[in-house]
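Novice: Build me a structure from this.
(one chain, ligands or ions: 2)
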Amino acid sequence: MKHLHDKTKDIINNYSDSERVMSIKKPKWIGYSQANSILSRFDELLNYPVNHRMPNILLVGDSNNGKTALLNKFLKVNQSFVEEETSKLVVPVLLIQAPPEPDERRFYNTILESLFAPYNSSEKIEMKQQRVIHLLKKVELRLLIIDEIHHVLAGNLSKQRSFLNVLKFLSNELRISMVCSGTKEAFNAIQTDPQLANRFEPKVLKKWRNDEEYLRLLASFERLLPLKEESLLIEPSISTKILAMSEGLIGEISRILELSSILAIESGLEKINKNILNNIDFVPPSDRKKMIFKL
Ligand SMILES: Nc1ncnc2c1ncn2[C@@H]1O[C@H](COP(=O)(O)OP(=O)(O)OP(=O)(O)O)[C@@H](O)[C@H]1O
Ligand SMILES: [Mg+2]
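Specialist: Ligands and ions are numbered 1, 2, ... in the order given. Okay, the predicted model is just below:
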C-alpha cells in the first residue's frame, strides 16, 4: 500500500468496511498551492502593522470551489484563546457569515452572536454599532472575515452602498484588515465603489484545469482514500474524466471521489477506474440545473 498516507494505511488495517466508508465521508483538507498562497496572504494581513489604511482581500470564486473550506482552515490555525494571566478572551480572527440581506442591524447581531454577546433586538442601531466596536477592540480582533459577502451586496445600488460604508467604517474605526469572500457578483459590487475597489485586493480561486496542480490534487486525494489497490487517478483517461464530470469545481471532484471510493469498497474492486466512475450516482452540476428546468 505504498500509494497511501500512513494514517490511511492505519484505517485500512484497523477498520471494518463500513468504518472505512464513514471515514471517506469525513471532510478532508488538501493544501493545494493556490490555497497555500492565499493562506499566506491572509497571514500577512493578520500581522500587518496597524495604520490608518489597512489592506483587505476579496476572495472570489465559483460556488463549491473551496472558499469556505479555505476560510475555515485559516480560522483553525488562528483560534481564539483565553490569556492565562488575565483570563481575557482574545479573538485574533473572527469568521462570520454575512446575513442573507443587506441589513446593518442583522450584521451587527451576527457579530455579537459569534462572540456570545447578548443583544436586545430593540437596541438602537448606533448603540449596537458602538457595542460591536467596543467588543471587537476588547477581544483584540485583528482580522474580520466575512463569508457569503454577495448576500449583502445583492440589493439595489443604494443598499449596497450603505452596506459598503458599514464595512469601511468598521475597518477605519478598528484599524483591522478584512477578508470578504463571495461569488463574482460581490466582486462586481465592490468595483462600483472606487475607494473600496482599490482597498480590496482580489484573490481568485479559479476553476480547476488539466494542469500539474490538478494532477497533484488528485494524487493528494488518492493518498487519503482508504482503498487497498492503487487507482492511479493521475492517468490521463481517469483524470480527464473526473475533471469533465466535476466541471472544474473542487467540491464536485471531492464528491466524485467520495462516491467512487464507496463503490470501490462495496464492489470489492478496491480501486477507482473508468467503470466505477461510470457507475456512481452522480449528475454533473450543469445537468442538475437542466433537470430542475424539466420539472
Ligand atoms: N482544500 C480542500 N481539500 C479537500 N476538499 C476541499 C478543499 N476545499 C474544498 N473542498 C471540498 O469542496 C467542497 C466545497 O467547498 P466550499 O464549501 O469551501 O465551497 P465554497 O466556494 O465556499 O462554495 P459556496 O460559494 O457555495 O459557499 C467542500 O465541502 C469540500 O468537500
Ligand atoms: Mg461557502
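
Novice: Got the domain ranges for this structure?
Specialist: Taking automatic domain parsing as the criterion, the chain consists of the domains 6-26+208-294, 33-205.

Novice: With ligand 1 in mind, check whether the first one reaches it.
Specialist: Yes: contact of domain 6-26+208-294 with ligand 1 (C-beta under 6 Å from any ligand atom) involves 250-251, 254. (Glycine included, C-beta is placed from N, CA and C.)

Novice: which of the residues you listed are buried?
Specialist: Buried members of the residues of domain 6-26+208-294 next to ligand 1, scored by 16 or more other C-beta atoms under 10 Å, are 250-251, 254.

Novice: how about the strands in the stretch 101-250 of the chain?
Specialist: Secondary structure of the stretch 101-250 of the chain, counting by DSSP state E, counting those that start in this stretch: strands at 143-147, 177-182, 200-205.

Novice: so can I have TSV of those strands showing distance to residue 66 and mean pLDDT?
Specialist: Formatted as TSV, these follow (distance: least, C-beta to C-beta, whole Å; pLDDT from 0 to 100):
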stretch	distance to residue 66	mean pLDDT
strand 143-147	12	97
strand 177-182	10	96
strand 200-205	6	94
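
Novice: Can you get me the start-to-end distance on stretch 201-221?
Specialist: Distance across stretch 201-221, first residue to last, is 30 Å (C-alpha to C-alpha, to the nearest Å).

Novice: per-residue confidence for residue 295?
Specialist: In this model, residue 295 is scored at 59, pLDDT.

Novice: Next: residue 292.
Specialist: For residue 292, pLDDT reads 67.

Novice: is it fair to say residue 30 lies in a strand?
Specialist: No: according to DSSP: H, G, I helix; E, B strand; the rest coil, the state of residue 30 is coil, so it is not within a strand.

Novice: For the closest residue to it other than its chain neighbours, give me the pLDDT.
Specialist: Spatial nearest neighbour of residue 30, chain neighbours left out: residue 220 (4.6 Å); criterion: C-beta to C-beta, 6 or more residues apart in numbering. If you check residue 220, the pLDDT there is 97.

Novice: burial count for residue 220?
Specialist: Counted with other C-beta atoms under 10 Å, the neighbours of residue 220 add up to 16.

Novice: Tell me if I'm right that it and residue 33 touch.
Specialist: No: using C-beta atoms under 8 Å, residue 220 makes no contact with residue 33, being 10.8 Å away.

Novice: on that earlier part again, for the residues of domain 6-26+208-294 next to ligand 1, give me a markdown table that also has distance to residue 209 and pLDDT.
Specialist: Shown next, in a markdown table, are those (distance: C-beta to C-beta, whole Å; pLDDT from 0 to 100):
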| residue | distance to residue 209 | pLDDT |
| --- | --- | --- |
| 250 | 12 | 98 |
| 251 | 16 | 98 |
| 254 | 17 | 98 |
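
Novice: which residue does the stretch 101-250 of the chain bring closest to ligand 1?
Specialist: Closest residue of the stretch 101-250 of the chain to ligand 1, C-beta to the nearest ligand atom: residue 250 (4.6 Å).

Novice: Residue numbers of the stretch 101-250 of the chain in contact with ligand 1?
Specialist: Applying C-beta under 6 Å from any ligand atom, one finds that the stretch 101-250 of the chain approaches ligand 1 through residue 250.

Novice: Check the stretch 101-250 of the chain for the residue nearest ligand 2 and tell me.
Specialist: Across the stretch 101-250 of the chain, the shortest distance to ligand 2 (C-beta to the ion) belongs to residue 147, at 5.8 Å.
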